[in-house]
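Undergrad: 3D, please:
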Amino acid sequence: MSWTEEQLQAINKRGANILVSAAAGSGKTSVLIERIITKVIEDRVDIDKILVVTFTSAAASEMKQRLLTALYKKIDETPDDPYLQKQISLLNRANISTIHSFCLNMIKNNFYLLDMPANFRIGDTAEIEILKQDVIEEIFEEKYENNDKGFLDLIRKYTNYSDDQSLKDLIIKIYEYSRCTPNPKKWIRESVEDFNFEEKIKNEDYSNKWTNILYKDLKDTINDSIEQLKKNKLKVEGIQALEKVYDIYEEDIKSLEKIDTTTWDTMLTGLKNKTWTRYVGNIKASEGEKAIKSELGEIRKNIKSKLTGIEFLSQKDAVLELNAMYPTLKYLADIIEEFDKRYIEAKREKNIIDYSDLEHLSLQLLVDENNKKTEIANKYQFDEVLIDEYQDINEVQEKILTSVSNGKNTFMVGDVKQSIYRFRQSRPNIFIDKYTNYQKAQKNNEKLKESTKILLYKNFRSRGEVLETTNIIFQSIMSKEFGEIEYNQEEYLNQGKEFEKGKLEDYSSELYIIDKNTENVDSSEEKVEVEEENNEDKEIIENSAYEARLIAEKIKEFHKQGYDYRDMAILLRSVKSSAPVYEKELSERGIPVYSDAASEYIDSIEINTILSFLKVIDNPLQDIPLITVLRSPIIGLNDNELLEIRLLDEERKFYKALELSKNEKAIRFIEMLNKFKKDSLSMPLDELIWKIYMETGYFYYVRLMPGGKTRQANLKKLFETAKNYEKISFKGLFNFILFIEKITKTNNEFDSAKVVGENDDVVKIMSIHKSKGLEFPIVFISGITKKVNESDYRSKIVYDQDLGFGIKYVDEILEYDTISKKALKLKSFKEMLAEEMRILYVALTRAKEKLVLVGVERNVQKTKESLADAINQYEHSNNKLNPNLVSKYKRMYEWIELARIYNNNIPLKEHIVPAEKYENMKIEEDETFDLLEYVKNQIPNEENYKEIDKMLNWQYPHKSSIDEITKTSVTALKNNNNKKIEIKKLITDDKTDKLAPAQIGTLVHLAMQQLKDNNIDKMLENIKLNKIEKQELIKRKSIFENYIKSDLFKMLKQAKEVNRETPFFMYIDSENKEDKILVQGVIDLYFIDSNGNINLVDYKTDYAEKEEELVEKYKMQLDLYSRALSKAMKKEVTNKFIYSTKFNKLIKITEEQ
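TA: Presented below is the predicted three-dimensional model:
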């Protein structure tokens, strides 16, 4: 590999701490791995003497594999070198892992020093969350019972009496946040003691850290106002008609400059005493002059509003106010401490620890109470400590890693512009401090004498158009004052490789803004905020739909130009509300798409149906779960049938009416329910769930639905969740239902099961956070016009690692923010906006070839004019917008538009699209849904019966196409070819435990997919099936014994690539050629042999007298599979085989057959 000079410095420099600032796409991972290889092979440092900390386990695995490959290559050159052989044996215990894995190993090796049992385990995330809730609820119950005065005061001030959950959540959040500090208890106690001003008040000392923050900001605001007034005054200088405007501006400038800004109090006094002369009224002037007068009047109005709207107390009054809140905060700290104590006890009872324990227990082993290294730390000293993604480290992790280094042997790689994990308490300032203080590396081979930084600025990922767009945007908006780092020549992305012409004529980045063109939008912040709160969900869904429809058009264009769907990704700031809309809109337009949005799992049809079934088994007197199950395909009652049942008993619960029904489905359901109810009393929960899947057939049914593979995987995940739950917690159906409800409220642990591989040809929808480290030829960044989420600052108590607590002042009458909360909000909001800017940087740098940015704006012209006016009100320098201007805006689109207006040469083509183009799906106002009323309205009356009958009996002109089924499976087409169509009920009346032949066939298929080595017993042990199904497989063990001896199994062992269970969709012509049929299927197996040939295999368990019967029966199916696979791979399938378990052999299908 050809390395750049800077990359070689990062690989070879030795002798001191090294910080590598690696821009996006600069090859930092390759450099890090090469440094490790060089250390081991050339410097002859044993691999177990090096510590490598990665952000993910996947990254650690990749590093180990590449190191192993390098070692074997070197061994081929020098086969008799015992050192190299030794490194191969050491690799298994090499410390190349995530920091949590490193900490876990350290704790396991020294558990006895921590008074811990040897068999401790890391608690499941869901289990940990439930445990926290149980502990805090126990504390609250005791406080209520004891009528605790301090507790009740806390409840009165910081909750409404009807719901104390917000306070419980706050206590847990503060506790969790404190764990990112090296000494959590100390941080909490010191943060509380900052409010104890008794001694200072006696000495009339009112200084405090919060006023210092606000003082600087207010002083900057005054200076910024003076700068704006001076710049805009020049617009009227020399214009006689606007002389009075000039005089007013001059007067304002002088009076603001006279304000004594030496202290907080003198500055407040000066602002209160400032008089604002009434602005100029009607004047005789030209239209142009009147426009200037109006513009300057608006600017002055905004400045005046900003400076007169300040509601700060004097320093003394502010301190007295904070001191009054000290007892309340002290009591809050007591509860947090009590929570910590009981939570530790609860974990000990269960013999578990959580992830924050991994770090703090490790720190306890490495550093003593005097902050000195322990004997354990001396044992864990490494020759070098290498840290990947250093910009995302927190203070606890930094202290751990410092403890196992010698102070001059740490190699840190990262990019502070990609620090986007503030919600995990990462501290980018750790990186920034070193970046600021370390010396830049010299271009020589001398050993380093002091801490050094190396800059990797060449980008080997993206085309010049992507890099230029990113550079111009960020050179304009990112600064040390706003963004926490200066984006200058050193930070520029420089193109590191040449690209060929490619598939597109124009690779320029594009900006699509869908213009709602809403006239007279009220600019009042308060009104806008209320409107957004009331309509937020509706607007998010509507805007997402508009954006998705536009993106669908672009995807189809790019697809026609030769890009695969897998080449494109849609990145969203947040996927929770938007991703399902995108998935729906794209799927409806025939675009294969995959999203792993966290909220989809519990809300998915299949999980909701099964959870509802479990709730009904536990207690059938629950109308909503019951009707969910009855309307589902498991039972299949329609609305008319539900109404008929409801009318049997309109007063009591729906189940009571169901018991009176003669409806066959209702009767069958009650029999089934009673059977499952009985099973639930004696059967493990996971077995009960699997039995429901199998006996209802629902597990197989969901496979045929859109997204069937994911749906089936979700059901498997629920089964696994139940299995794990009964291992770690209370048993029983009722407790499991409570567990699911509780964990759903506390976090987003239940992500959808992930079933999409890297090579699946689908458009991926993901959050920008999840896209970090990935790259795609074409990237759509959508939702750029959304505002940042400010909900974190609405809490009555906020917290910060540097400033401690920020609280509201609360008494019987008043409630408002103290200076502590105002200071925290100010600091945290600046940090949040800086991170939003970095999130935009991460998104832009995911694209290899083409960037497309998409958003919806209420009134594009008004926004652009407002931004242009704002730019003109400030002085700017060095191709950079004034940070005070940039900091006023909170949306990615506004930052991008500021850069576009300021830089005419930005290669970002703008397209304004009217919203009317995408309004074909209006979002209606929510209405209360009344099932009974709805069903009654569906029943036809005598007057319109004939008209309805006429409509129902209308014949579609292309009836043959309908008869063929618009969306079908390959198997259905095969059956149709044989003139045998059989439709089975989803739920049979079979009460036995005997499996149908089709089910046995499915089980054998599943087992053969799992059997990837010779160990049949291990496969049968690990496969996730119930007892009956496993017994059926054990009976057929000879099938698998023959399989592993077969030619096919040998071919798979030698294959370059093997793919199992590959789903596909493909359009084929109908008989009349006018319509298309969407064919859905799953390819059992295909593999690419050593010659590059594609071989297609379908497993068959059917009985047949002769091989020819199977060929005749399945040739059409294999032909369809072959067409689909050839299309997806862009290469013809070479061989088509049936693997028959009846004949224990591969049967080749030829075109002549």
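Undergrad: Could you verify my assumption that Arg422 touches Phe829?
TA: No - in this structure Arg422 lies outside contact range of Phe829 using C-beta atoms under 8 Å: 11.8 Å. C-beta here means a position set from N, CA and C on the backbone, and glycine is covered the same way.
Undergrad: So this protein: which segments form each domain?
TA: Listed domain ranges for the chain are 5-120+355-456, 122-195+325-350, 209-319, 495-594+764-794+829-918, 600-746, 967-1149 (source: automatic domain parsing).
Undergrad: among those domains, where is the model least confident on average?
TA: Lowest mean pLDDT within those: domain 967-1149, a mean of 76.
Undergrad: centre of the chain versus that domain, how much separation?
TA: For domain 967-1149, the separation from the chain centroid amounts to 35 Å (computed by C-alpha atoms, centre = their mean, to the nearest Å).
Undergrad: ok, back up a step: could the domains of the chain be laid out in a markdown table, adding mean neighbour count and distance to Thr818?
TA: Output for the domains of the chain, formatted as a markdown table (neighbours: other C-beta atoms under 10 Å; distance: least, C-beta to C-beta, whole Å):
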| stretch | mean neighbour count | distance to Thr818 |
| --- | --- | --- |
| domain 5-120+355-456 | 18 | 24 |
| domain 122-195+325-350 | 17 | 7 |
| domain 209-319 | 15 | 7 |
| domain 495-594+764-794+829-918 | 18 | 14 |
| domain 600-746 | 18 | 29 |
| domain 967-1149 | 15 | 55 |
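Undergrad: Would you format the ones you listed as a markdown table with distance to Glu481 included?
TA: Shown next, in a markdown table, are the domains of the chain (distance: least, C-beta to C-beta, whole Å):
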| stretch | distance to Glu481 |
| --- | --- |
| domain 5-120+355-456 | 13 |
| domain 122-195+325-350 | 26 |
| domain 209-319 | 9 |
| domain 495-594+764-794+829-918 | 4 |
| domain 600-746 | 38 |
| domain 967-1149 | 51 |
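Undergrad: Which among those is found nearest to Tyr809?
TA: Closest approach to Tyr809 among those (C-beta to C-beta): domain 122-195+325-350, 6.3 Å.
Undergrad: What is the end-to-end distance of the closest one?
TA: Using C-alpha to C-alpha, to the nearest Å, one end of domain 122-195+325-350 lies 10 Å from the other.
Undergrad: chain center to it: distance?
TA: Put simply, domain 122-195+325-350 sits 28 Å off its chain's centre (C-alpha atoms, centre = their mean).
Undergrad: most centrally placed residue in this protein?
TA: The residue lying closest to the centre of the chain (C-alpha atoms, centre = their mean) is Ser767, at 4.8 Å.
Undergrad: which residues does it bridge with?
TA: On the basis of DSSP bridges, Ser767 is bridged to Leu572.
Undergrad: ok, it to Val842 distance?
TA: Separation of Ser767 from Val842 (C-beta to C-beta, to the nearest Å) stands at 10 Å.
Undergrad: go on, Trp690?
TA: Taking C-beta to C-beta, one finds Trp690 at 41 Å from Val842.
Undergrad: ditto for Lys1136
TA: In terms of C-beta to C-beta, Lys1136 sits 45 Å off from Val842.
Undergrad: just Glu790 next, same as before
TA: Look at Glu790 and Val842: by C-beta to C-beta, they are 21 Å apart.
Undergrad: Could you do Asn1042 as well?
TA: Look at Asn1042 and Val842: by C-beta to C-beta, they are 52 Å apart.
Undergrad: Please apply the same query to Gln475.
TA: Distance, Gln475 to Val842, using C-beta to C-beta: 17 Å.
Undergrad: May I have stretch 385-404 as PDB, with CA atoms only?
TA: Provided in PDB are the C-alpha atoms of stretch 385-404 (Å, rounded to 0.1, in the frame of the first residue of the first chain):
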ATOM      1  CA  VAL A 385      -1.700   2.100  24.600                       C
ATOM      2  CA  LEU A 386      -3.600   2.700  21.300                       C
ATOM      3  CA  ILE A 387      -7.000   4.300  21.500                       C
ATOM      4  CA  ASP A 388      -9.400   4.500  18.500                       C
ATOM      5  CA  GLU A 389     -12.200   7.100  18.300                       C
ATOM      6  CA  TYR A 390     -10.500   9.100  21.000                       C
ATOM      7  CA  GLN A 391     -12.900  12.100  20.500                       C
ATOM      8  CA  ASP A 392     -15.700  10.000  22.200                       C
ATOM      9  CA  ILE A 393     -13.800   9.200  25.400                       C
ATOM     10  CA  ASN A 394     -15.200  10.200  28.800                       C
ATOM     11  CA  GLU A 395     -13.300  11.100  31.900                       C
ATOM     12  CA  VAL A 396     -13.600   7.700  33.600                       C
ATOM     13  CA  GLN A 397     -12.200   5.900  30.500                       C
ATOM     14  CA  GLU A 398      -9.400   8.500  30.200                       C
ATOM     15  CA  LYS A 399      -8.400   7.900  33.800                       C
ATOM     16  CA  ILE A 400      -8.400   4.100  33.300                       C
ATOM     17  CA  LEU A 401      -6.200   4.300  30.200                       C
ATOM     18  CA  THR A 402      -3.900   6.800  31.700                       C
ATOM     19  CA  SER A 403      -3.400   4.400  34.700                       C
ATOM     20  CA  VAL A 404      -2.100   1.600  32.400                       C
END
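Undergrad: Any idea what Phe1137 is bridged to?
TA: Val1097, Lys1148.
Undergrad: do Phe776 as well
TA: Bridge pairing for Phe776 (DSSP bridges) gives the partners Ala847.
Undergrad: can I assume it is in contact with Lys848?
TA: Yes - under the contact definition of C-beta under 8 Å, Phe776 touches Lys848, with a separation of 6.6 Å.
Undergrad: contacts for stretch 1123-1130?
TA: Contacts to stretch 1123-1130, defined as C-beta atoms under 8 Å, 6 or more residues apart in numbering, come from residues 761, 1062, 1064, 1066, 1079, 1081, 1083, 1086, 1094, 1096, 1132-1133.
Undergrad: how about TSV for those residues, with secondary structure and distance to Arg342 added?
TA: Putting the contacts of stretch 1123-1130 into TSV (DSSP: H, G, I helix; E, B strand; the rest coil; distance: C-beta to C-beta, whole Å) gives the following:
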residue	secondary structure	distance to Arg342
Asp761	coil	52
Thr1062	strand	51
Phe1064	strand	54
Met1066	strand	59
Val1079	strand	59
Gly1081	strand	55
Ile1083	strand	54
Tyr1086	strand	56
Ile1094	strand	61
Leu1096	strand	60
Glu1132	coil	67
Val1133	coil	63
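Undergrad: Distance-wise, check Gly783 relative to Ser791.
TA: Gly783 sits 17 Å away from Ser791, taking C-beta to C-beta as the criterion.
Undergrad: For stretch 878-889, list the C-alpha coordinates in CSV.
TA: Extracted C-alpha coordinates of stretch 878-889, given in CSV (Å, rounded to 0.1, in the frame of the first residue of the first chain):
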residue,chain,number,x,y,z
ASN,A,878,-11.2,35.0,6.7
ASN,A,879,-14.1,33.5,4.7
LYS,A,880,-15.8,32.7,8.0
LEU,A,881,-19.2,33.9,9.1
ASN,A,882,-19.3,35.8,12.4
PRO,A,883,-19.8,33.1,15.1
ASN,A,884,-22.3,35.4,16.9
LEU,A,885,-24.5,35.2,13.7
VAL,A,886,-24.2,31.4,13.3
SER,A,887,-25.0,30.8,16.9
LYS,A,888,-28.4,32.4,16.5
TYR,A,889,-29.6,29.6,14.3
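Undergrad: what's near enough to touch Asp618?
TA: Taking C-beta under 8 Å, 6+ apart, we find Asp618 in contact with 680, 733-734, 737.
Undergrad: where's it relative to Leu688, distance?
TA: Noted for Asp618: a distance of 11 Å to Leu688, by C-beta to C-beta.
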